[in-house]
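Visitor: one predicted model, sequence on top.
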Amino acid sequence: MKEKIADLMHKKTGLPKEQILSLIEIPKDSSLGDYAFPCFSLSILLKKNPVEIAKEISSDISSPDFENIQAVGPYLNFFLDRKHLASSVIQKILKERSKYGSSTLGKGKTIVIDLSAPNIAKPFGIGHLRSTIIGNAISNLAKSLGYKTIKINYLGDWGTQFGMLIAGYKKWGKEQELKKNPIKHLQDIYVKANVDESMEQEARDWFRKLEAGDKDALKFWKKFRDLSLKEFNKIYSLLNIKFDVLSGESLYNKKMDATINLLKSKKLIKKDKGAEVVDLNLYGIGVCLIRKSDGATLYATRDITAAIDRYNSYKFDKMIYEVGSEQSLHFKQFFKVLELAGFKWANNCVHVAHGLYLDRDGKKFATRKGKTISMSEILDETIELARREIENRYQDLSKKEIESRAKSIALSAILYGDLKNYRMNDIIFDIERFLSFEGDTGPYLLYTFARARNILRKAKYKPSSKIEFSDLSDLEKRIVFALSQFPSVVENSYMQYSPNLIANYSFQLAQLFNEFYHKEKVIGAENEHFRLSLVDSFSQVLKNALSLLNISVIERM
RNA sequence: GCCCCCGUAGCUCAGCCCGGAUAGAGCAUUGGGGUCCUAACCCAAGGGUCGCAGGUUCAAAUCCUGUCGGGGGCGCCA
């Protein structure tokens, strides 16, 4: 539609189309039209008052797509022919259904997304939640724009901490405790060992043994890994998130030498204080540590190796790392190393960072000191609350029904509660936030959806392609316009790697619908048929939007 | 000390990419709304020097510089 305005204005003013396109905006207030063109830049060009220019153009312009084009002050306000828009948008939605909002923008392109990446033997914390669900949402967005996506869960399953764990387990470990609550037991051991300075040397020795392939060390490592993974999978299945590839740092253990040799052959590595590093001071980003003075590798080495391997496997057009902002320096460094090593695709790697969850004092949760918030506890607590709410509100529901609704509602609260935030912002962790079901929350959206579906059910509505479009009320117009915006919101959200735009859109749309719901009857209205198809379209778009955030709607609530 | 991110209503946050018309929500507060498609809802009211100071511009919450405050990071953890 912007294109059409640009065409019109181009003919009228001679201004280049691209410039016009970038000037067109959507007014905040619908009484100022659907699109607006500010005439200030024309005023400079024509050396005339912008108010007059707007007036002149408005008296001499018309198009079948717009029912009105009027000058308000220095603006030209374009009012779409709403009947026309309603008919095209609603028919499009009802025809495309779950495909509405998707496109073929990314056809033929592959995107690798590195997400979640929990650390073995550590609790799946609230921080991993962000990476998991933001990364997953970005993947959903990319997929709906036609990209081929590969989601990789790159486990933190290698590193010095395993030396610490094995040494600690040898000293304090109890088989029974490990079976009962593996992550908690390992976490306790880890914290204990970290505090105990006498463990340092032992830990280092164990990790070196592990890297050397020592059978005993490997046995422990595998045990810890398997048990942790089992716990993580519980959370993933609850969140309904699947990965295309389950990988881990350990996978590249054997390829590490090749990477180091490659870097050496490019003359990038130098010895410093017994360690091997790539000096990046020239770029103002310090040095990248490749091998420790005791011979062990570091995560930069593993990440570089993994990146090369992934490029060889997938020939990606872009690789997105959804990882907390605290690691930005690390990503800058190893992207630079890849670039210096001559890999052109290094420029297609991007660190999509997110802010941290901070504790009540506004400080980072420190896993090394055992200060974390366990995701499974939050999940359990939220589900429990949802169950109580349901039991209070509705009787005669089967246990099974209550259980499944409670799960959906709790999930929507958690997913939406996180995804509605701009990802770079730090968030003060507050359990109340997740337990709130009113206002700008996931349950509000599910409720609104269920309401809409309820109307359709009561009316025994059947979609039909023959819709009579009458004149629209103000609210109907606003809903139609909002529905028409969805595809561009999807695109924008992906381009900015900002799922919160989808969340914000969903909420605004739901608010509009609720207003409509209260003000205007659907069943029994003169234009009942049209309104039913509007309700149908609305619920479809809300469903599509939420599914991008991995929130699934429920028919009744 | 250097680098990155954030600073918008009492609280939690949108809006900033790509500058435009009176800066928006939710929560909380106050007051309304049910014989009517689900009140996890809706309506109304109060509440803002968009951290501060400069600059660019016809126009700045939005762009640039500086500054203050908070958070994170800065070689053998990941």
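Guide: Happy to help now that I have it.
Visitor: distance of the closest residue to A:Phe78 other than its chain neighbours from A:Asn550?
Guide: Leaving out its chain neighbours, the residue that sits closest to A:Phe78 by Cβ to Cβ, 6 or more residues apart in numbering is A:Tyr35, at 4.4 Å. All C-beta atoms are positioned from the backbone trio N, CA, C, and that covers glycine. In this view, A:Tyr35 and A:Asn550 are 33 Å apart by Cβ to Cβ, to the nearest Å.
Visitor: where does A:Lys543 fall, secondary structure wise?
Guide: helix A:528-548 (DSSP states H and E).
Visitor: show me what that helix is packed up against.
Guide: Packed against helix A:528-548 by the contact rule (3 or more Cβ pairs under 8 Å, 6 or more residues apart in numbering; DSSP states H and E) you find helix A:82-96, helix A:126-144, helix A:442-458, helix A:474-495, helix A:500-519.
Visitor: go with 6 Å
Guide: helix A:82-96, helix A:442-458, helix A:474-495, helix A:500-519 (3 or more Cβ pairs under 6 Å, 6 or more residues apart in numbering; DSSP states H and E).
Visitor: could you export it as CSV, CA atoms only?
Guide: What follows is helix A:528-548 as a C-alpha-only set of coordinates in CSV (Å, rounded to 0.1, in the frame of the first residue of the first chain):
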residue,chain,number,x,y,z
GLU,A,528,-23.4,-10.9,11.8
HIS,A,529,-21.8,-12.7,8.9
PHE,A,530,-19.2,-10.1,8.3
ARG,A,531,-18.4,-9.8,12.0
LEU,A,532,-18.0,-13.6,12.4
SER,A,533,-15.5,-13.6,9.6
LEU,A,534,-13.7,-10.7,11.3
VAL,A,535,-13.6,-12.7,14.5
ASP,A,536,-12.4,-15.7,12.6
SER,A,537,-9.6,-13.7,11.0
PHE,A,538,-8.7,-12.1,14.3
SER,A,539,-8.3,-15.4,16.1
GLN,A,540,-6.4,-16.8,13.2
VAL,A,541,-3.9,-14.0,13.2
LEU,A,542,-3.5,-14.1,17.0
LYS,A,543,-2.9,-17.8,16.8
ASN,A,544,-0.3,-17.3,14.1
ALA,A,545,1.5,-14.6,16.1
LEU,A,546,1.6,-16.6,19.3
SER,A,547,2.8,-19.7,17.5
LEU,A,548,5.8,-17.7,16.4
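Visitor: got the buried residues for that helix?
Guide: Buried positions in helix A:528-548, judged by neighbour count with 16 or more other Cβ atoms under 10 Å: A:529-548.
Visitor: what do you get for stretch A:210-217?
Guide: In stretch A:210-217, counting by 16+ other Cβ under 10 Å, buried: A:210-211, A:217.
Visitor: what's the lowest-pLDDT member of those?
Guide: The pLDDT minimum for the buried residues of stretch A:210-217 sits at A:Glu211, where the score is 86.
Visitor: what secondary structure does that residue sit in?
Guide: Secondary structure assignment for A:Glu211 (DSSP: H, G, I helix; E, B strand; the rest coil): helix.
Visitor: how about it, what does it touch?
Guide: Contact analysis of A:Glu211 by Cβ atoms under 6 Å, 6 or more residues apart in numbering lists A:Ala296.
Visitor: can you check A:Gly248 too?
Guide: Listed by Cβ under 6 Å, 6+ apart, the contact partners of A:Gly248 are A:155, A:157.
Visitor: what's across from it in the sheet?
Guide: Per DSSP bridges, the residues bridged to A:Gly248 are A:Leu155.
Visitor: any idea how far it is from A:Lys264?
Guide: From A:Gly248 to A:Lys264 the distance is 25 Å (Cβ to Cβ).
Visitor: ditto for A:Leu548
Guide: Distance from A:Leu548 to A:Lys264, counting by Cβ to Cβ: 45 Å.
Visitor: ranges for the strands of the stretch 351-500 of chain A?
Guide: Using DSSP state E, counting those that start in this stretch, the strands assigned to the stretch 351-500 of chain A run over residues A:357-358, A:427-428.
Visitor: a markdown table please, covering those strands and showing distance to A:Ala452 and mean pLDDT.
Guide: Shown next, in a markdown table, are the strands of the stretch 351-500 of chain A (distance: least, Cβ to Cβ, whole Å; pLDDT from 0 to 100):
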| stretch | distance to A:Ala452 | mean pLDDT |
| --- | --- | --- |
| strand A:357-358 | 33 | 84 |
| strand A:427-428 | 30 | 84 |
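Visitor: please name whichever of these is nearest to RNA strand B.
Guide: Closest to RNA strand B of these, according to Cβ to the nearest atom of the strand: strand A:427-428, at 4.1 Å.
Visitor: in its sheet, what does the closest one sit against?
Guide: Counting by DSSP bridges, strand A:427-428 is paired with strand A:357-358 (parallel).
Visitor: return the distance of the strand it pairs with from the chain's centre.
Guide: Distance, stretch centre to chain centre, for strand A:357-358: 18 Å (Cα atoms, centre = their mean, to the nearest Å).
Visitor: verify the contact between A:Phe243 and A:Asn153 for me.
Guide: Yes: using Cβ atoms under 6 Å, A:Phe243 makes contact with A:Asn153 at a distance of 4.3 Å.
Visitor: show me which of these two is the more surrounded one.
Guide: More crowded of A:Phe243 and A:Asn153, by other Cβ atoms under 10 Å: A:Asn153, with 24 against 19.
Visitor: what about that one, which SS state?
Guide: Counting by three-state DSSP, the backbone at A:Asn153 sits in strand.
Visitor: so who does it touch?
Guide: Residues near A:Asn153 by Cβ under 6 Å, 6+ apart: A:116, A:243, A:246.
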